[in-house]
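**Q** build me a structure from this.
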Amino acid sequence: MKYKPKVIRKLIQKALLPEDFNDLVFDNFPEVYRQFISGQGQPLRVRLLADYVYKYERIDDLLNEIQEINPEAFNEFETSRQEQTNLLDSRNKEEKAINDLGEYLQNLSFKKLKDIYLLYRPDKANEIVKNIDDILTQLNRIIPPKKYRLIIPFIVGIKQKSADLNLQKLLDKWLEEYGDFFGYFEFQRTKTENPSGSSSHSQNDNSLESYLLIELKKKNSSSLQIQGWFWSNKLIRNIQEKDLIELEDYQLSETVTELIRESNKIMRKIGSEDLRIELFLDTNLLMESDFYLDWLEVKKLKRPTKMCKQYIVTFRLAERLECDYQDSIGAWKRKWQNLNYNQGNVVDSYQTDDYELGLDETVGIKLNKLSEPAEFFKLISLNSLPLALWSRRDLQTISCQNEINRILRNVQDDFNQLPKEVTNERKKAAGEEHIGSHICLLWDNPERMPPDPSDPKYALSS
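**A** Just a heads-up that it's a prediction; the model follows:
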């Protein structure tokens, strides 16, 4: 079966009002309607219907009716289900690919493999590896700013340096089965376009990394001040001066949509393709649990959509834009470097003393309960922490602490995967009791800062 009963029950509860539900059952599933008795609660009725369609293989009949009654909820359900299926399939395929490759290489000299690994390893990967599993883990854990994974040039390097025809056949077989999954076609095209591997190729890869930086300040109870910048490896520039907009008005959505549109224009000119969004908020705004700026509705291809389901959206501390923070930049940069090399720790805000928080190895903090958010953000600022993970509200049906720990386990200590992992949780969010609906990630890179507005070259007219 492609649907679980629990999933069907959740869809019914979300898509159908009580009167819609009763009419649907009466018209299409009279056998179930006859089982309803006076005083029966809605949850039990929903369970009876779900069990019935599952038992008699009438799920498609039910889905067709729901699609007709509430097409928006049905489409959202189908999209979410497909995303989860694709993600699971992708992870299973990736795991099998790595296991197969490990088997093919197990009889090869580890010294030779290590030498080749050191040629192609990502900058943030560990230079010290003890076996082939270490090598494959390091090559696969960090996705570089390229359209192919670094495991591809590693395999090509082995083929070039090995005279073992049997091994070459095995690697050709692996590339045929998994090459497209890891970007082998893009690697071949890159080599054809720039066979010498010159620096221009590297610059072209860097141009793929683009960010829209947005600072939002609350001026009073009804208005925000907003400013936007475009940041890439090739270009940094203002794209909007500070502007006041109404908090409750559609103007906020319109303004952010326009900033995204302007960023796309610049990306087209410099050859960039992927956009991430970083929101600079002060701690007071971050503590407003009902103000979900990452879930702002924007327009993409003229269609309304939730910003955090289309882009990787992370938070930054606006206080770090101020001169008062200058004396903390050294610690901030050291912790960020440790974070990128996966040499740091993410600690619990309730179980960590001031001494440990001040260590360069402490790169992040997590908040498992919302009883003291002000203290939590004070610790982030005073200890120059570049990473923080928290939920804007406590959940009733699941443990926030367990969910936050699960997210950290999912990245397997590769902190650089956290922005993408949090985005995946947001995309999977179904209802108010899913951690993805409330999860927040502070991802504060000291090397990616807005330009000095007083510098003429960053003026809007430049």
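**Q** contacts and neighbour counts: CA atoms only from here.
**A** Fine.
**Q** all strands for the stretch 101-250 of the chain, in order.
**A** With strands called from DSSP state E, counting those that start in this stretch, the stretch 101-250 of the chain shows them at 209-220, 223-232, 236-246.
**Q** dump the first one to CSV, keeping only the CA atoms.
**A** Provided in CSV are the C-alpha atoms of strand 209-220 (Å, rounded to 0.1, in the frame of the first residue of the first chain):
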residue,chain,number,x,y,z
GLU,A,209,27.0,30.7,-4.1
SER,A,210,24.5,33.7,-3.7
TYR,A,211,22.7,35.1,-0.7
LEU,A,212,20.0,37.6,-0.1
LEU,A,213,20.7,39.3,3.2
ILE,A,214,17.7,41.1,4.8
GLU,A,215,17.8,43.2,8.0
LEU,A,216,14.5,43.8,9.7
LYS,A,217,14.0,46.1,12.7
LYS,A,218,10.8,46.7,14.6
LYS,A,219,10.3,50.5,14.8
ASN,A,220,7.0,50.4,16.6
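**Q** what strands line up against that strand, and which way round?
**A** Next to strand 209-220 in the sheet, as set by DSSP bridges, lie strand 223-232 (antiparallel), strand 274-281 (parallel).
**Q** one more: the last one?
**A** Each strand that strand 236-246 pairs with, and the sense of that pairing, follows from DSSP bridges: strand 223-232 (antiparallel).
**Q** return the distance of the strand it pairs with from the chain's centre.
**A** Centroid displacement of strand 223-232 relative to its chain, using CA atoms, centre = their mean, to the nearest Å, is 21 Å.
**Q** as PDB, could you dump the C-alpha coordinates of that strand?
**A** The C-alpha trace of strand 223-232 is given here as PDB (Å, rounded to 0.1, in the frame of the first residue of the first chain):
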ATOM      1  CA  SER A 223       5.900  48.900  11.300                       C
ATOM      2  CA  LEU A 224       9.200  47.400  10.400                       C
ATOM      3  CA  GLN A 225      12.300  48.900   8.900                       C
ATOM      4  CA  ILE A 226      13.800  46.700   6.100                       C
ATOM      5  CA  GLN A 227      17.000  46.700   4.100                       C
ATOM      6  CA  GLY A 228      18.400  44.200   1.600                       C
ATOM      7  CA  TRP A 229      21.800  43.300   0.200                       C
ATOM      8  CA  PHE A 230      22.900  40.800  -2.400                       C
ATOM      9  CA  TRP A 231      26.100  38.900  -1.500                       C
ATOM     10  CA  SER A 232      28.100  36.400  -3.700                       C
END
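**Q** indicate which one of the strands of the stretch 101-250 of the chain is closest to Lys14.
**A** With CA to CA as the criterion, Lys14 lies closest to strand 236-246 of the strands of the stretch 101-250 of the chain, at 31.2 Å.
**Q** ok so, going back, turn the strands paired with strand 209-220 into a markdown table, columns for mean pLDDT and distance to Phe74.
**A** Shown next, in a markdown table, are the strands paired with strand 209-220 (pLDDT from 0 to 100; distance: least, CA to CA, whole Å):
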| stretch | mean pLDDT | distance to Phe74 |
| --- | --- | --- |
| strand 223-232 | 92 | 35 |
| strand 274-281 | 95 | 28 |
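**Q** quick one, which of those strands is nearest to Lys96?
**A** Between Lys96 and these, the tightest spacing by CA to CA is seen for strand 274-281, at 28.1 Å.
**Q** sorry, back to before: want to throw the strands paired with strand 209-220 into a markdown table with distance to Phe29 and mean neighbour count?
**A** A markdown table is the format used below for the strands paired with strand 209-220 (distance: least, CA to CA, whole Å; neighbours: other CA atoms under 10 Å):
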| stretch | distance to Phe29 | mean neighbour count |
| --- | --- | --- |
| strand 223-232 | 51 | 21 |
| strand 274-281 | 47 | 20 |
